[in-house]
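Engineer: what would the 3D arrangement of this be:
(one chain, ligands or ions: 2)
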Amino acid sequence: MIYTVTLNPAMDYHVTLDHLQLGEINRATADQKSPGGKGINVSRVLRRLGHQSTALGFIGGFTGNYIRASIEEEAIKTDFIEVEGDTRINVKIKADQESEINGVSPAIFDKHVKALEKQLSQLKEGDTVVLAGSTPPTLPASIYAKWTVMLKEHGVSVYVDTSGEALREVISSKPTFLKPNHHELSEIAGVEIETIEQAIPHIKQLVGDEIDYVLVTFAGDGAVLATKEQLLYANAPKGTVRNSVGAGDSTVAGFISALAQDKSVEEAFKTAIATGSATAFSVGFADKEAIDLLKNEILVQPIKERGK
Ligand SMILES: Nc1ncnc2c1ncn2[C@@H]1O[C@H](COP(=O)(O)OP(=O)(O)OP(=O)(O)O)[C@@H](O)[C@H]1O
Ligand SMILES: O=P(O)(O)OC[C@@]1(O)O[C@H](CO)[C@@H](O)[C@@H]1O
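Structural biologist: Ligands and ions are numbered 1, 2, ... in the order given. From the prediction side, this is the model:
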């Protein structure tokens with residue numbers, strides 16, 4: 001079974017306007033709400049790719065009810081822990097450029113964490129868990145690392161997509177899969193990384209730290225996937241970006257989907273990038289038809305390192 005964990009879900013409120021004028025009243029030309037948070041997005045894209053998953057995490061209040069109802073409507077299983085405060089609202093502004101204001105998590109207490117840990121402790125060999133998104137400020141940044149150790153001891157594959165301190169902390173717990181974008185890789189490495197060439201030693205270091213799959217995305221400039229045996233590059237297909245919210249989550253879902261169908265690592269990488277780009281080129285999330293079409297535009301090739 002596949003489980004996604006979203007500790008800090010959100011009702012995403014997307015507003016479109018021609019131009020954002022700070023310090024003025026801005027009037028949207030369109031708006032839309034959607035259930036969000038990285039793990040929840042992974043569950044939604046997995047569903048579109050034909051896979052069932054159970055969405056776990058903390059939800060509360062009217063926004064929490066909205067999230068549960070909307071994703072259950074998409075036939076996604078949920079087993080959320082209820083918290084007292086309202087799940088946050090994240091504002092996604094699409095004007096001349098994209099801007100985001102992510103809200104604050106409701107307080108999460110020990111009893112909530114214990115309830116989630118009980119669920120996670122029941123997972124078995126062969127299960128897959130996605131730990132995705134920010135960790136609420138009332139929880140230690142080491143929480144993903146702690147759970148990764150416990151889950152891997154139970155034979156569970158652990159996919160992690162997070163940022164900041166939680167990302168730095170999780171590396172030593174050896175998750176199965178890590179998906180930093182190049183800005184997050186810079187944070188891990190402590191140096192600015194702008195090119196694939198600059199990224200390679202740091203990506204190899206993560207594989208050396210015994211992470212099975214390290215997938216680093218460079219938005220429209222392609223991506224690198226490293227395993228112990230392979231170092232691969234994939235181009236990103238060309239297209240008009242309509243919405244980059246959830247593109248990274250779609251990448252994770254595409255990778256899991258292909259491996260769940262016993263596809264090769266190269267095919268999983270190609271599916272991951274096609275799924276990420278199909279979402280970037282869509283108004284909402286990618287659908288399977290768009291993903292399959294984009295796969296034809298992606299070439300996965302080994303990276304030849306200088307002097308080797
Ligand atoms: N300009 C683009 N052109 C084509 N594909 C894109 C573009 N931007 C993003 N993507 C697709 O989305 C994937 C993830 O993008 P990115 O590197 O921005 O990761 P991220 O920051 O985790 O994403 P998110 O926007 O969800 O936070 C890329 O690997 C690519 O497949
Ligand atoms: O604040 P976090 O947890 O880092 O990210 C949350 C978020 O921006 O990520 C998703 C897109 O990846 C959105 O649905 C959601 O609003």
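Engineer: which residue does the stretch 101-250 of the chain bring closest to ligand 1?
Structural biologist: Gly248 (2.3 Å; Cβ to the nearest ligand atom). Where you see a C-beta, it was placed from the backbone N, CA and C, and this is true even at glycine.
Engineer: give the contact list for that residue.
Structural biologist: Counting by Cβ atoms under 8 Å, 6 or more residues apart in numbering, Gly248 makes contact with 38, 161, 179, 181, 217, 276.
Engineer: what segments of the stretch 101-250 of the chain are helices?
Structural biologist: 110-121, 143-153, 164-170, 182-189, 196-208, 247-260 (DSSP state H, counting those that start in this stretch).
Engineer: okay if I get these as CSV plus mean pLDDT?
Structural biologist: Below are those laid out as CSV (pLDDT from 0 to 100):
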stretch, mean pLDDT
helix 110-121, 98
helix 143-153, 98
helix 164-170, 96
helix 182-189, 94
helix 196-208, 95
helix 247-260, 98
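Engineer: comparing those, which comes out most buried?
Structural biologist: Most buried of those by mean neighbour count (mean count of other Cβ atoms under 10 Å) is helix 247-260; its value is a mean of 26.
Engineer: what's the angle from the helix or strand following it to helix 247-260?
Structural biologist: Once the chain leaves helix 247-260, the next helix or strand it forms, by DSSP states H and E, is helix 265-280. Calculated by axes from the mean of the first three to the mean of the last three Cα atoms, to 10 degrees, helix 265-280 forms an angle of 150 degrees with helix 247-260.
Engineer: show me what helix 265-280 is packed up against.
Structural biologist: strand 213-217, strand 223-226, strand 231-234, helix 247-260, helix 288-295, strand 300-302 (3 or more Cβ pairs under 8 Å, 6 or more residues apart in numbering; DSSP states H and E).
Engineer: and it with ligand 1, contact?
Structural biologist: Yes - for helix 265-280, a contact with ligand 1 is found by Cβ under 6 Å from any ligand atom, at 273, 276-277, 280.
Engineer: which bits of the stretch 51-200 of the chain sit near ligand 1?
Structural biologist: Asn181.
Engineer: contact residues of the stretch 51-200 of the chain facing ligand 2?
Structural biologist: 90, 102, 133-134, 163.
Engineer: between those residues, which is nearest Gly254?
Structural biologist: Using Cβ to Cβ, Gly133 is the member of those that lies nearest Gly254, at 17.7 Å.
Engineer: list the contacts of that closest one.
Structural biologist: Gly133 neighbours (Cβ under 8 Å, 6+ apart): 6-9, 37-39, 161-162.
Engineer: put the buried members of those into a PyMOL selection.
Structural biologist: Remark: buried members of these, expressed as a PyMOL selection using 16 or more other Cβ atoms under 10 Å:
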select buried, resi 6+7+8+9+37+38+39+161+162
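Engineer: of the contacts of Gly133, which belong to helices?
Structural biologist: Among the contacts of Gly133, DSSP state H puts 38-39 in helices.
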